[in-house]
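> Only the shape, not the letters, is given here:
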């Protein structure tokens, strides 16, 4: 297996997570950074790596094997992934679950047309959590799926709080309800409402003189985001927020319970869980493994769009099949 | 995807587990049972399924798409899997970890020669636990692996106790040490000895008048099996054994902890765990999913030996790629 030369497009939290992950993989090399900002304004952690304009990917396509797209799912990736799949092999972390079929179709058309490989929706959800669901459903066709998220920071919910009048800054944690998690793990197959599965903890910095009661009410009653949950609002200072809530932890559990036996008398619980100090660094690490697989599939002559469902686990590893069988099977 | 016609060779606990799993999968059909015993002596659960001699597989190869081999790893599978891979597509659960490379080579040669697909070492360890290790190692290259087994029945250890003079019957449970499991889950990266990871609980039925102290001593001091563990021996009656210890539960956890970040400052914990009421029924369910993949790979014209490392997750599922992306990603 040759070295894989990676390009990163977008140098936010996820882009930096990818950059850090590349350093942990001897067969991976960061070959170029692409940005929509002024290239001169970026200072990559990795010494000597060239920074180019996002418009110049085609000019530098021969310098990279795979381009990892680190933009957002709302507006960046629906446009970027098909566009760049028309130029080179790409990997993205598109995570708007409802729009995946449509994204897949657009990316597949572009990749088939250009003869490239595109891996979409890499990461942990979608990604590792999806794979856990899939394996568990194949093994236990008669059963029930549960997904719990957290304890972890939801960027979207934090942003929603920041838009409330009088709020200066905020951090929101999604927290699974321990009793619900335990009931599922115990195989009790509970029917759980949204409220019974997760609580939401909000740490809010208010502007001076703001009406705290009004802010709290605006948050806990906010439809879609908070109204269906037991939400707690804690007002803290900017110093406290910066000191105690700077990290971006996340995680969660995918659990499937199912029955086997002549009369369904035997119960089984399959659980896959993650506890992550840094959501973007972990996601970046998954994307780098996906890039290895994309490179390998492209070298085999494969073309088109793939998800982690379509990637044999061995393709993600730097080890040979022989090494894997001898050490990990 | 067409229906997959399954043959089962060997009708013990695992063979019956496979038979039960087939009933839960609408695209699977039990087409034939093969046995080394007198075919007339078997009464399959499934009505109308023909029972043939194990020597007659070649005569009935056109009646099945995949043969699931349900023999033991010590003496059956090293001989059976290469032999039957020379006749038809096969799946086995070969679990002697140290001999997998050699088994792979023998089976691959046979399958390549005959143009068949052979999936070896399906199940949960090797199998799902191996996959969990592989994914976790690809994502977190800098980290530590832990595997805990149990609480579950070890057939090999139960058999070893039964060979002690004065023992009539026995059941041995492998039990993870809760404090060790918690330390690993908390990311403390402990260095653990064999004794610190698992304890062994033995439930023993003694023959009348047997020297209980001598039996206990023989068990707890038995090299390889028990000497390296904290082992407890509890004498019970045959009735109690039959009533309270008839099941074959098992399970365990594969955990990888690893670090990311510029200075390794962020820690992550990946855990895959199983809690199984019936080890053979769960293993049988995994083998049936592997048989679906084997059939699919064979229909694509693939040949040779595969492990679950080489099987893209989507191949295990009865759903189409489109359905999977829409419902599980």
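Everything's here; your move. Bear in mind that the values here come from a model prediction, so they are computed numbers and not experimental data. Numbering: from 1, shown residues only, chains lettered A, B, ... in the order given.
> Isn't residue A:60 up against residue A:53?
No - using CB atoms under 8 Å, residue A:60 is not in contact with residue A:53, being 9.8 Å away. (C-beta placed from N, C-alpha, C; glycine too.)
> of the two, who's got more company?
Comparing residue A:60 with residue A:53 by other CB atoms under 10 Å in any protein chain shown, the one with more neighbours is residue A:60, at 18 against 14.
> show me what contacts residue A:146?
Residue A:146 makes contact with A:184, A:192, A:253-257, according to CB atoms under 8 Å, 6 or more residues apart in numbering or on different chains.
> which element follows the lowest-mean-pLDDT helix or strand in chain A toward the C-terminus?
Ranked by mean pLDDT, DSSP states H and E, the weakest helix or strand in chain A is helix A:155-162, scoring a mean of 94. Following helix A:155-162 in sequence order, the next helix or strand is strand A:167-176 (DSSP states H and E).
> Can you pull out the residues in contact with that following strand?
A:148-154, A:157-158, A:160-162, A:197-207, A:210, A:215, A:238, A:241, A:245, A:252-253.
> Compute the number of surrounding residues for residue A:23.
Using other CB under 10 Å, residue A:23 is surrounded by 17 other residues.
> Got the phi and psi for it?
phi -60, psi -20 (degrees, to the nearest 10).
> ok, now which ones touch the closest residue to it other than its chain neighbours?
Leaving aside its sequence neighbours, residue A:23 sits nearest to residue A:46 (CB to CB, 6 or more residues apart in numbering or on different chains; 7.4 Å). Residues near residue A:46 by CB under 8 Å, 6+ apart: A:19, A:22-23, A:30.
> between those, which is nearest chain B?
For these, the closest approach to chain B (CB to the nearest CB) belongs to residue A:23, at 8.7 Å.
> Where do the helices of the stretch 1-150 of chain A begin and end?
Along the stretch 1-150 of chain A, counting by DSSP state H, counting those that start in this stretch, helices occupy A:13-23, A:76-85, A:100-114, A:128-139.
> Which residues does the last one contact?
This means helix A:128-139. Applying CB under 8 Å, 6+ apart, the set of residues contacting helix A:128-139 from outside is A:121, A:143, A:145, A:147, A:252, A:254, A:256, A:258, A:270, A:272, A:274, A:286, A:307-309, B:128, B:131, B:135, B:139, B:270, B:272, B:282, B:285-286, B:289, B:292, B:313-314, B:316-318, B:324, B:328-329.
> so how far is it from its chain's centroid?
16 Å (CA atoms, centre = their mean, to the nearest Å).
> One more: the third one?
Remark: helix A:100-114 is offset 20 Å from the chain centroid, using CA atoms, centre = their mean.
> circling back: and the least confident helix or strand of chain A, what's buried?
By 16 or more other CB atoms under 10 Å in any protein chain shown, the buried positions in helix A:155-162 come out as A:155, A:157-158, A:160-161.
> With respect to chain B, which of these is nearest?
Closest to chain B, out of all of the buried residues of helix A:155-162 and judged by CB to the nearest CB, is residue A:155, at 16.8 Å.
> Report the contact partners of the closest one.
So residue A:155 contacts residue A:248 (CB under 8 Å, 6+ apart).
> Same question for residue A:306.
Residue A:306 neighbours (CB under 8 Å, 6+ apart): A:117-120, A:293-294, A:297.
> re earlier: ok and the least confident helix or strand of chain A relative to helix A:13-23, angle-wise?
150 degrees (axes from the mean of the first three to the mean of the last three CA atoms, to 10 degrees).
> Tabulate the helices of the stretch 1-150 of chain A in JSON lines, adding columns for mean pLDDT.
Shown next, in JSON lines, are those (pLDDT from 0 to 100):
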{"stretch": "helix A:13-23", "mean pLDDT": "98"}
{"stretch": "helix A:76-85", "mean pLDDT": "98"}
{"stretch": "helix A:100-114", "mean pLDDT": "98"}
{"stretch": "helix A:128-139", "mean pLDDT": "98"}
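> Centroid-nearest residue for chain A?
Of all residues in chain A, the one closest to the mean position by CA atoms, centre = their mean is residue A:123, 3.9 Å from it.
> Go ahead and confirm that one touches residue A:289.
No - between residue A:123 and residue A:289 there is no contact, the gap being 10.6 Å when judged by CB under 8 Å.
> Regarding the closest residue in space to residue A:237 that isn't next to it in sequence, what is its secondary structure?
Distance criterion CB to CB, 6+ apart; nearest residue to residue A:237, sequence neighbours excluded, is residue A:205 at 6.6 Å. Secondary structure state of residue A:205, per DSSP: H, G, I helix; E, B strand; the rest coil, is strand.
> Near chain B, which residues of the stretch 101-250 of chain A are found?
Applying CB under 8 Å from any CB of the partner chain, we find that the stretch 101-250 of chain A lies next to chain B at A:101, A:104, A:121, A:126, A:128, A:130-135, A:137-142, A:185, A:187.
> Can you tell me which of those are buried?
Using 16+ other CB under 10 Å, the buried members of these are A:104, A:121, A:126, A:128, A:130-135, A:137-141, A:185, A:187.
> for residue A:95, what are its contacts?
Contacts of residue A:95 (CB under 8 Å, 6+ apart): A:73, A:121, A:123, A:125-126.
> Just the buried positions in whichever strand or helix holds residue A:184, please.
Per DSSP H and E: residue A:184 is located in helix A:178-185. For helix A:178-185, burial by neighbour count (16+ other CB under 10 Å) applies to A:180-181, A:183-185.
> Can you give me the distance of residue A:176 to residue B:181?
Note on residue A:176: its distance to residue B:181, by CB to CB, to the nearest Å, is 20 Å.
> before we move on, back to that, give the ChimeraX command for selecting the buried subset of the contacts of residue A:306.
Filtering those down to the buried ones (16+ other CB under 10 Å) takes a single ChimeraX command:
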select /A:117,118,119,120,293,294,297
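> Next, give me the two most distant ones among the contacts of residue A:306.
Distances among the contacts of residue A:306 were taken as CB to CB; the most separated pair is A:120 and A:297, at 13.4 Å.
> Once you drop chain neighbours, what's closest to residue A:245?
Nearest to residue A:245 is residue A:171, by CB to CB, 6+ apart, at 4.3 Å.
> Tell me which residues touch residue A:87, please.
A:57-58, A:61, A:67, A:114, A:116 are the contacts of residue A:87 under CB under 8 Å, 6+ apart.
> separation between it and chain B?
24 Å (CB to the nearest CB, to the nearest Å).
> Confirm for me that residue A:18 is in contact with residue A:8.
Yes - look at residue A:18 against residue A:8 with CB under 8 Å: they come within range, at 5.3 Å.
> Between those two, which contacts overlap?
Common neighbours of residue A:18 and residue A:8 (CB under 8 Å, 6+ apart) are A:68, A:70.
> follow-up on the earlier one: please convert the contacts of residue A:95 to JSON lines, extending it with pLDDT.
Listed next are the contacts of residue A:95 as JSON lines, based on pLDDT from 0 to 100:
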{"residue": "A:73", "pLDDT": "93"}
{"residue": "A:121", "pLDDT": "98"}
{"residue": "A:123", "pLDDT": "98"}
{"residue": "A:125", "pLDDT": "96"}
{"residue": "A:126", "pLDDT": "96"}
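> From the residues you listed, pick the one nearest chain B.
Closest to chain B, out of all of the contacts of residue A:95 and judged by CB to the nearest CB, is residue A:126, at 4.7 Å.
> Confirm for me that that closest one is in contact with residue A:97.
Yes - if you go by CB under 8 Å, residue A:126 and residue A:97 touch, sitting 6.5 Å apart.
> Point out where chain A drops to low pLDDT.
Where chain A drops to pLDDT under 70, the residues are A:1.
> Run through the strands of it in chain order.
A:4-9, A:28-35, A:51-53, A:66-69, A:89-91, A:117-119, A:143-149, A:152-153, A:167-176, A:198-206, A:230-235, A:250-260, A:266-276, A:304-306 (DSSP state E).
> List the neighbours of the fifth one that are in contact with it.
The reference is to strand A:89-91. The contact list for strand A:89-91 (CB under 8 Å, 6+ apart) reads A:65-69, A:81, A:84, A:107, A:111, A:116-120, A:122, A:287, A:290-291, A:294-295, A:298.
> Sheet-wise, list the partners of that strand with their directions.
Using DSSP bridges, the strands paired with strand A:89-91 are strand A:66-69 (parallel), strand A:117-119 (parallel).
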